[in-house]
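> okay, structure incoming, though there's no sequence with it:
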């Protein structure tokens, strides 16, 4: 995996951290939020290098903000979601699917009952 590619992805995520109406985050702002120095952030984003501890701290910061580690690290991330699905999101999606299936089941039962009544009549 190219360090340059990971660095570009890290810089892209930093630019996405701003909330609507807020300016893009600077390397200094990210450094302040992560406890790293602006120089450490710059070195990671420019693929110059950095310690494993620094790299992991930055990855965990992004992960804690909802970004997928797979998207950041896979050489070909075209099939990886940029956003990580939390267990809560997965549970909510499962509940939604179950509700939809239950609605379909009720509709099918209703239609079968209607057809049964027509056959008996």
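Looks like it came in fine. What you see is a predicted model; the values in this text were computed from it and never measured.

> show me where pLDDT drops low in the chain?
Within the chain, the stretches with pLDDT under 70 are 1, 85-98, 100.

> what sits opposite the residue most central in space within it in the beta ladder?
Centroid-nearest residue in the chain: residue 83, 1.1 Å away (criterion: Cα atoms, centre = their mean). Beta bridges link residue 83 to residue 67 when assigned by DSSP bridges.

> could I get the full set of helices for the protein?
3-16, 27-34, 38-45, 52-64, 69-73, 87-120 (DSSP state H).

> can you redo these as TSV with mean neighbour count and distance to residue 79?
Heads up, the C-betas are built off the backbone N, CA and C, glycines and all. Formatted as TSV, the helices of the chain follow (neighbours: other Cβ atoms under 10 Å; distance: least, Cβ to Cβ, whole Å):
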stretch	mean neighbour count	distance to residue 79
helix 3-16	16	15
helix 27-34	16	27
helix 38-45	19	24
helix 52-64	15	19
helix 69-73	16	9
helix 87-120	10	18
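
> what sits against the residue nearest to residue 13 when sequence neighbours are not counted?
Among residues not flanking residue 13 along the chain, residue 62 sits closest, at 5.3 Å (Cβ to Cβ, 6 or more residues apart in numbering). Residues near residue 62 by Cβ atoms under 8 Å, 6 or more residues apart in numbering: 10, 13, 72.
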